[in-house]
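J.: below are the sequence and a predicted model; questions follow.
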Amino acid sequence: MFQLTPMVRNLLIANVVVFFVAMQVTPLGFLALYPIGSPLFQPWQFLTYMFMHANLGHIFSNMLGLVVFGPMLEQRWGANRLLTYWLICGLGAGVLYNGLRTYEVKQMRHDIEAFRAEPTDVNLMDFVDHNASDYRDQYAVVARQLHATPDDPGLIKSALDSMEYMYERSLSGPMVGASGALFGIMIAFAFYFPNTPLIIFPLPVPIKAKYLVFLYGLYEFYQGVHRAPGDNVAHFAHLGGLLVGLVVLLIWQRNRNRMY
């Protein structure tokens, strides 16, 4: 399983080279994927983001997964199909997640303008509940003050400045990493080799690939819905890679069956 096949090796080299070059050349940040609507967004980022990584731990975990799951798929498919599948899953994960982020940013803008038009404690807490629920307790104090002094211009300006800061931070926060493509590889491995036992830390016993991927998908869904404070992992991009990968596998399987 750990024998490097040609395309797995090439993808590994490409990711590692881009990672270390990006550490030295700051402008390579334009290769990361920004939300549509951000002044930093460019269409090519849907492809290039998957070769960027945030830190050593990030690239190590993604490349370890590629080395574990990729070779057996390449032996089954060949190098060209593995590369095609990797890119499709990465692109699909980027498109789905970016679409979700773009929707969230537009909703944030809508909530800001609603508060600007009618700066009430109710509209302030609507913004918080929709966009910054982790900070609800802090904003509840401001909302009480605003309820008591609804015409305080300093308080209104402070609230608007805070909202605008969150909005700008959302626009300037990029997504990087090959995780979406990797999750596609994982679902493909479970699809073709469902009963292969895998030992995954910290589980003390082997677990079949089909159960591992299923449980991992549930975990990512839970983490995406119940996002912990400070969690900057793109959980729904991972799920996007799983979903796109499964669709591609089913299409390929259907076309293969029609050949017989």
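T.: Thanks, I have the structure now. Residues are numbered from 1 along each chain as shown.
J.: the residue nearest to the spatial centre of the chain and residue 6, how far apart?
T.: By C-alpha atoms, centre = their mean, the chain has its centre lying nearest to residue 234, at 2.8 Å. According to C-beta to C-beta, to the nearest Å, residue 234 stands 29 Å off from residue 6. C-beta coordinates here come from the backbone N, C-alpha and C atoms, glycine included.
J.: residue 143 now?
T.: The value you get for residue 143 to residue 6, if C-beta to C-beta is used, is 60 Å.
J.: and if you look at residue 104?
T.: From residue 104 to residue 6 the distance is 40 Å (C-beta to C-beta).
J.: now residue 38
T.: From residue 38 to residue 6 the distance is 37 Å (C-beta to C-beta).
J.: pLDDT of stretch 132-151, averaged?
T.: For stretch 132-151, the mean per-residue pLDDT is 88.
J.: any stretches of the stretch 151-260 of the chain with poor pLDDT?
T.: 201-203, 227-232, 257-260 (pLDDT under 70).
J.: what does the stretch 1-150 of the chain give?
T.: Applying pLDDT under 70 to the stretch 1-150 of the chain flags the ranges 1-2, 25-29.
J.: just the helices in it please.
T.: For the stretch 1-150 of the chain, applying DSSP state H, counting those that start in this stretch gives helices covering 6-24, 45-48, 56-77, 79-117, 121-131, 136-148.
J.: buried residues, the fourth one. List them.
T.: Burial within helix 79-117, assessed by neighbour count using 16 or more other C-beta atoms under 10 Å, is assigned to 79, 82-83, 85-86, 88-98, 100-102, 105, 108-109, 111-112, 114-115.
J.: same thing with the second one?
T.: Within helix 45-48, the residues scored as buried using 16+ other C-beta under 10 Å are 45-46, 48.
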